Every structure is written in C-alpha cells, then in structure tokens.
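>>> here's my sequence, what's the structure:
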Amino acid sequence: MRTNLSSLIKLTEIPEQYYRPANALEEAVLTRYEKIPTFIGENDKEAATLLAREVAEGIRAKAAEGKQYILGLSGGESPVIVYQKLIDLHKNEGLSFDNVVAVLGYEYYPLGANAAQGCLAKVREEFLNHVNIKAEHILAPNVALPVEQISAECAGFEARIDELGGLDMIILGISTTSSIGFNAPGTNANTYTRLVVLDPVARKEAAKSMFNHLDEVPQSAISLGLASILKARRIALVAWGDSKAKQIAQAIEQPQNDLVPASILQQHHNARVYLDLGSASLLTRINHPWLVTSCVWNKKLIRRAIVWLCEITGLPILKLTNKHYTDHGLGELVAKYGSAYNVNIKVFNDIQHTITGWPGGKPNADDTNRPERANPYPKRVIVFSPHPDDDVISMGGTYRRLVEQGHDVHVAYQTSGNIAVGDEEVIRYVSFLRNVCKHYGREDDPVLQKAEEIRDFLMNHKKEGEPERLDVRFMKGNIRREEARTGSRFVGLDDDHIHFLDLPFYETGLVKKNDLSEADITIVKNFIESIKPHEIFVAGDLADPHGTHKVCLDAILGAIDLFKHEKWYAEDCRVWMYRGAWAEWEIEHIEMAVPMSPEELRFKRNSILKHQSQMESAPFLGDDERLFWQRSEDRNRGLAQLYASLGLASYEAIEAFVQYHTVD
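Coordinates of the predicted model:
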C-alpha cells in the first residue's frame, strides 16, 4: 500500500530551468528579485537533505579541529524533516554528534522542569533522542523559574551562548505571520534573548502542533531576539508547502520590513533559505517567470499570465491589446499566437468552459466543453469530508446541487473530529442528560452516573497534556456526529446515505495524530467499493503538509491505488478535489467552477451553522478571526468577483474543483 500519494500530485509542471540554473550567470538573472540566497528543491526531502549535509560538513570540520559545533534548533514543524535527515546521516553514515552543543532558540513560559509538551520536548522526540548528543550539551532556557528570575535567566542564556563562541548555525522556520523564533511582527531589530508575550496567532499554532487545546498554551515564551539570531555565523531558514509561500516571498523579495521579521535575514552575510516548490511558488522566478526568463509556455502558465495581466491593467481578458502584452513582459505570447486577440479568445474560452451549474453532468446535453460527463445519469456520488463539517464548508453549494439534481449522493465523514470540541460543550450536553434522567426519576440509571462522572472530571480533575479519556472522546465525537447528520439532512440526504468511517489514525485523544496505516486505507477502500461511485469529491489541501486533511486525502488515494485498474473505476469514475475553508484553488488550476445564487449561498451558510460546536472554539489559521462560514463565503464571493473582472458571467459566489488523475 502506498501512503503518501498526495506528495506526487503536481498541479503545475515547473521546468527545472526556473529553479536549477545551469550556471552563475543564469542564476543571477533568475534571482535578481531575491535578496537572500535561496535553494529550491523539487520537494522538501531534497532541500532538507542538502541542508542536513551542510550541517554535517560543519560538524565534521569542527570535530577535526577538536572543537564543538554549536547548533541552534527550533521547535516548529518545518525543521523536523531536516532533523530526520540528520538522524539518517547519524545512523547510516556514522555522523557523530559527540562534539555538538544543541541550543534551543525558544521555549514556552512557564512550563514544568520535565514538561511533556513544549519545544524542548518536541525537539527531543523528533531529534535529540535519536543521536549521540550528550545530555550536558543540550542548552535551553529554564522555563520553570518564577517570573522575577526570568530577566536574569534571559541574560544568562545569551551569555552562555557567547561563552560557547556563538552559534555556528541556527535552523529556523517561519510562521504564518512571518515571525522567526517568537519575534512577532513589529519586533525591534536590536532585541536579544527576552521574555515575550505570545500573540494570538502563535498560541493558536502551538495549540495545533504541541498542545492539546488553546487553554493549555502558555501566554508567553523566552526567545532569542533578532539581534541574537543575526550573531550566528550561518542561518538557515526552511519552509515547505504552499501555506508558507506568501510569507517567503515577502521575506525574500520585498524590502526589509519590521512587519515581516524574517526579512531581517537580508542583513546577514551568510543566511540561506531552503524551500520546496510549494513554498517557493510565489517567488518571481516560479510564479511570474516571464519577468526574469524565457518561458516554457503551457495551458496553465498562459492562463496565469493573462489573469495576472488583467489584474495589472484592470482590464477584462477581451480588452487586452498587443501593447499590454509587450509592456508587461509577455511579448512571447503575442509572437507565439500571432496577436493579443488570438491569445485572449483562447484563454477566455478556456476559463469559460470551467463554469457549470451541473457538477454531476447535465443529462441529455452536449458535454464536449463541460467539465463533467452527461452520462451516466443519475450518478452515484461520494462526498468525502475529513472532519464532520468540511463537506458543507468547502462545497456546500455543490453538495446541494448534486442532491437536487437527482444523483445518488453519499457523504462519508472520515474522522470523528472529537478533538475540536471544547470541554464546555460536553459539560453542557451531559448536564442536559443528567437533568433529563432526574426529571424522569432515573437517578439510579448508569447513564446518569456516567454523565455525573464525566461532568465532575471535566470541571474538577482534568489535567493538561494528558490524552483525552475514551468516554469524553465518545461524547465529543457524538456531538460532532449529530451535527453532521443535521447538516446533511438539511442538504437533503437520507440517514442511510450518511456514513461515519472513524479512521483509526485520528483516535489518539491528542492533537498529534498517528501516521496513516493500512487499516485506514482498507476502511476507505471497502467503503468506496461498496458504492462503486461515478464521482468522488475529496479535500485536496495540498498545502497541508502534516494535518488531518492530508492524511485523509492519502487514505483515499491509497485506496484508489489498489483498484485503479478495475473497469468500474478506470472507465466510469472521476475524482474532484476541493479545498478547505482557508483558501481557494488558484485560477490556473480550476477545472470545474460551480456558481451559486444569493439564495444558494445563504443556504450554504445555514448548513454550516448546523455545526454549532465549531462556531466559536475551532482553531483558525493565522490571525484571521473570521468564523468558518465567513471565510467560506468571502472565498466563494472572491472567486466569483475574479471571474467577473475577467469579463465572464457575474455570479454571487463560486465553488471550485480540480480533477485528480491517478499516478503510476
């Protein structure tokens, strides 16, 4: 079984000439907008391997001189793959860490002396416990001290690093706010190690990666300052996936700005950025290559270039002229197609043909230029939802259309989503259950006793950092299950078409989940084969490198991989990918665009609102405090406005999809 097929999906074929220049002159031309030297690997493994080997070279060079190598480490997600590559070098090539001093760049405050959560615990688990580093060579801020001693600890931590001779290398990640360490936007460039109050974004990110709930995340942290970081002899900034592309482009190509803390690395003489193609996707040489080199033109790049030109000029597609093309670096397209008019018509028709009000195909109609086939009709359809609300949040309008247009629609919720339900929700429900039992004279009922036990535990005895109890997880999972049923009934589905797969990888009782297993894939495979659908809709969040959406997508793709050559699938089934609440597909990738009227958009909002437990307590991306339904509506309206600005039909909102093609 293959468990990581989503990593093989390439929506855009990026020619190597854009990210692997053949010589120094070509590199200088390609990177002329970049203010920090940048290496772009085809994937995160390639970039991480290069960095790990550079670190290993430094370690061995210092060992040959009989000196220590002082390595600065970060506790986020991005450096983890670098740590894995260093572990591989230790196990397979004999790289010794005997002379390495590991310095943790930041830690949450306050934490207990042996805290099971936090940056040091994560770095130990992911890296330090797997190499031969000496315990006395691990240096981290003491976050178990009383607050009145913290100033002295910060000064002492900075002094200890200086006494070691300073950092030879520090490996940094970048946050969704472009922070490095816990140096938030607006941080002064002259800051050193200090206690910082965490902004809401940093705490929410910690809740998703290291702690079980937002309430467990400390309010502050001890962090190296920007000036401390710049003292390192080498700095490596790593980032993976589309979700970091905006921050990387700002840090590397825009002028240095206090609101983009990572941009301070432009000052350092020996800083380097290590990226995969996803995180590099908004750099000029990848996103707008026509501005720096001769292009390898294909359908998607042409569409992206023309949409960009429309945005730059403020004109719809059919009003672009030869001069607009040549004035903005796109003269190659005029030469290739003979005139702006020819390019305009080609791209206009290409985008127009993505629009359909029939996501399951329009029966008895010419489907030559439609995204989905007219036949068979009606189709058997599966809508996969990673969490119990992704279906309505991400494709609620399309979901309803499929049901209304007579297709045999099944929805499959892949995980229980229990970890996203707050304790107060459970207390409310068990209190209701308790009151019902007492009202009907059932004081001796075991159900009442269990309700009392759960209520007392959550209100008085629950401890931070412990896995969620099975009975509490059961309650939380059922809250989400009934909300999902309510939402799907609202869309028009019967109960026997609502399925809960409860994939086991998710059921850890913690934010951190297990890896995808054969058991997960088998559950999905058996379900798909029981339906034998003609259409499958899946969450295709390719920018989600470690989250539940990616694991759920890999479970589906792993299942499909097992029966992809069977006739019913190979000849009769198509797979459409939607995106989550946070972002829409870029327009060059969209292959099916389903418009919604104002009434349909309001219906979608109401279906999202059926998920009451997620209205206030669910974690949000970055500093965006909009609720899920608000993000969803704004995203759908924004796409409709983009279509209208290009000179296409004007709709209230649009949901978009990209087709998945199986890989060998």
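>>> helix or strand for residue 555, which one?
helix 548-563 (DSSP states H and E).
>>> which outside residues touch that helix?
1-6, 384, 386-387, 390, 414-415, 503, 505-506, 513, 515-516, 520-525, 528-529, 536, 538-542, 544, 569, 575, 577, 580, 660, 662 (C-beta atoms under 8 Å, 6 or more residues apart in numbering). Bear in mind the C-beta positions are built from the backbone N, C-alpha and C, glycine included.
>>> so what does the longest strand anywhere in the chain touch, helix or strand wise?
In the chain, assigned by DSSP state E, the strand with the most residues is strand 653-660. Packed against strand 653-660 by the contact rule (3 or more C-beta pairs under 8 Å, 6 or more residues apart in numbering; DSSP states H and E) you find helix 390-404, strand 574-578, strand 592-596, helix 628-645.
>>> tabulate those (a markdown table), appending distance to residue 215 and mean pLDDT.
Shown next, in a markdown table, are the helices and strands packed on strand 653-660 (distance: least, C-beta to C-beta, whole Å; pLDDT from 0 to 100):
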| stretch | distance to residue 215 | mean pLDDT |
| --- | --- | --- |
| helix 390-404 | 24 | 96 |
| strand 574-578 | 32 | 97 |
| strand 592-596 | 37 | 98 |
| helix 628-645 | 20 | 93 |
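>>> one step back: how far out from the middle of the chain is the next helix or strand after the helix holding residue 555?
Secondary structure here is assigned by DSSP H and E; on that basis, the next helix or strand after helix 548-563 toward the C-terminus is helix 567-572. Relative to its parent chain, helix 567-572 has a centroid offset of 31 Å by C-alpha atoms, centre = their mean, to the nearest Å.
>>> using CSV, list the CA coordinates for helix 567-572.
Taking Å, rounded to 0.1, in the frame of the first residue of the first chain, the C-alpha atoms of helix 567-572 are listed here in CSV:
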residue,chain,number,x,y,z
LYS,A,567,-13.0,-1.4,-15.1
TRP,A,568,-15.7,0.3,-13.0
TYR,A,569,-13.2,2.8,-11.7
ALA,A,570,-10.9,3.3,-14.7
GLU,A,571,-13.8,3.8,-17.2
ASP,A,572,-16.6,5.3,-15.1
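>>> from here on, count from 8
Right, with 8 as the first residue, what we last looked at is helix 574-579.
>>> so which residues of the stretch 108-257 of the chain form strands?
For the stretch 108-257 of the chain, the strands defined by DSSP state E, counting those that start in this stretch occupy 113-116, 145-146, 176-179, 201-204, 227-230, 242-246.
>>> can you list the strands that the second one pairs with?
With DSSP bridges as the criterion, the sheet partners recorded for strand 145-146 are strand 107-111 (parallel).
>>> and the helices in the stretch 158-307 of the chain?
In the stretch 158-307 of the chain, the segments counted as helices under DSSP state H, counting those that start in this stretch are 207-216, 233-237, 252-260, 291-294, 306-320.
>>> let me have these in JSON lines, adding mean pLDDT as columns.
Written out in JSON lines, the entries for the helices of the stretch 158-307 of the chain read as follows (pLDDT from 0 to 100):
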{"stretch": "helix 207-216", "mean pLDDT": "81"}
{"stretch": "helix 233-237", "mean pLDDT": "98"}
{"stretch": "helix 252-260", "mean pLDDT": "97"}
{"stretch": "helix 291-294", "mean pLDDT": "96"}
{"stretch": "helix 306-320", "mean pLDDT": "97"}
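>>> coming back round to it: tell me the mean pLDDT for the longest strand of the chain?
Mean pLDDT, computed over strand 660-667, is 97.
>>> hang on, residue 277 packs against residue 240?
Yes: between residue 277 and residue 240 a contact is recorded at 6.4 Å, counting by C-beta atoms under 8 Å.
>>> neighbour count: these two, which is higher?
The residue with the greater number of neighbours, taking residue 277 and residue 240 and applying other C-beta atoms under 10 Å, is residue 240; the counts read 15 against 11.
>>> tell me the contacts of the more buried one?
In this structure, residue 240 makes contact with 173, 174, 175, 176, 277, judged by C-beta under 8 Å, 6+ apart.
>>> next one: residue 241
When the contact criterion is C-beta under 8 Å, 6+ apart, the partners of residue 241 are 65, 175, 176, 177, 277, 278, 279.
>>> can I get those in JSON lines with distance to residue 248?
Compiled in JSON lines, these are given as follows (distance: C-beta to C-beta, whole Å):
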{"residue": "65", "distance to residue 248": "27"}
{"residue": "175", "distance to residue 248": "28"}
{"residue": "176", "distance to residue 248": "23"}
{"residue": "177", "distance to residue 248": "22"}
{"residue": "277", "distance to residue 248": "26"}
{"residue": "278", "distance to residue 248": "21"}
{"residue": "279", "distance to residue 248": "19"}
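>>> which among those count as buried?
Neighbour-count burial (16 or more other C-beta atoms under 10 Å) applied to these gives 65, 175, 176, 177, 278, 279.
>>> let me know the closest of those to residue 162.
Ranking the buried ones among the contacts of residue 241 by separation from residue 162, with C-beta to C-beta as the measure, puts residue 177 on top at 19.2 Å.
>>> is it true that the closest one touches residue 235?
No: Residue 177 is not in contact with residue 235 according to C-beta under 8 Å; the separation is 9.1 Å.
>>> what sits against residue 315?
Listed by C-beta under 8 Å, 6+ apart, the contact set of residue 315 reads residue 295.
>>> next one: residue 81
Residues near residue 81 by C-beta under 8 Å, 6+ apart: 112, 113, 126, 130, 177, 178, 179, 180, 188.
>>> just curious, which of those residues is nearest to residue 308?
Taking C-beta to C-beta as the measure, residue 308 sits nearest to residue 180 out of the contacts of residue 81, at 29.9 Å.
>>> for that closest one, which non-adjacent residue is spatially closest?
For residue 180, ignoring the flanking residues on the chain, the nearest one in space by C-beta to C-beta, 6 or more residues apart in numbering is residue 85 at 3.5 Å.
>>> SS state for the one you found?
The three-state label for residue 85, taken from DSSP: H, G, I helix; E, B strand; the rest coil, comes out as coil.
>>> from what I see, it and residue 254 are in contact.
No: under the criterion of C-beta under 8 Å, residue 85 is not in contact with residue 254, lying 11.2 Å apart.
>>> which neighbours do those two have in common?
Common neighbours of residue 85 and residue 254, counting by C-beta under 8 Å, 6+ apart, are 181, 246.
>>> where in the protein is pLDDT low?
Across the chain, the ranges flagged by pLDDT under 70 are 472, 550-553, 588-589, 623-631.
>>> C-alpha coordinates for the helix holding residue 562, PDB please?
Taking Å, rounded to 0.1, in the frame of the first residue of the first chain, the C-alpha atoms of helix 555-570 are listed here in PDB:
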ATOM      1  CA  THR A 555      -5.700  15.800   9.000                       C
ATOM      2  CA  HIS A 556      -6.800  16.800   5.600                       C
ATOM      3  CA  LYS A 557      -3.600  15.500   4.000                       C
ATOM      4  CA  VAL A 558      -3.800  12.200   5.900                       C
ATOM      5  CA  CYS A 559      -7.400  11.800   4.800                       C
ATOM      6  CA  LEU A 560      -6.500  12.500   1.200                       C
ATOM      7  CA  ASP A 561      -3.700  10.000   1.300                       C
ATOM      8  CA  ALA A 562      -6.100   7.400   2.700                       C
ATOM      9  CA  ILE A 563      -8.400   7.900  -0.300                       C
ATOM     10  CA  LEU A 564      -5.600   8.000  -2.900                       C
ATOM     11  CA  GLY A 565      -4.100   4.900  -1.300                       C
ATOM     12  CA  ALA A 566      -7.400   3.100  -1.600                       C
ATOM     13  CA  ILE A 567      -7.900   4.200  -5.200                       C
ATOM     14  CA  ASP A 568      -4.400   3.000  -6.000                       C
ATOM     15  CA  LEU A 569      -5.500  -0.600  -5.100                       C
ATOM     16  CA  PHE A 570      -8.400  -0.700  -7.500                       C
END
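>>> buried residues in it?
Residues of helix 555-570 classed as buried: 555-569 (neighbour count, 16+ other C-beta under 10 Å).
>>> and for this structure, the residue most distant from the center?
Note on the chain: the largest C-alpha distance from the chain mean falls to residue 448, namely 50.0 Å (C-alpha atoms, centre = their mean).
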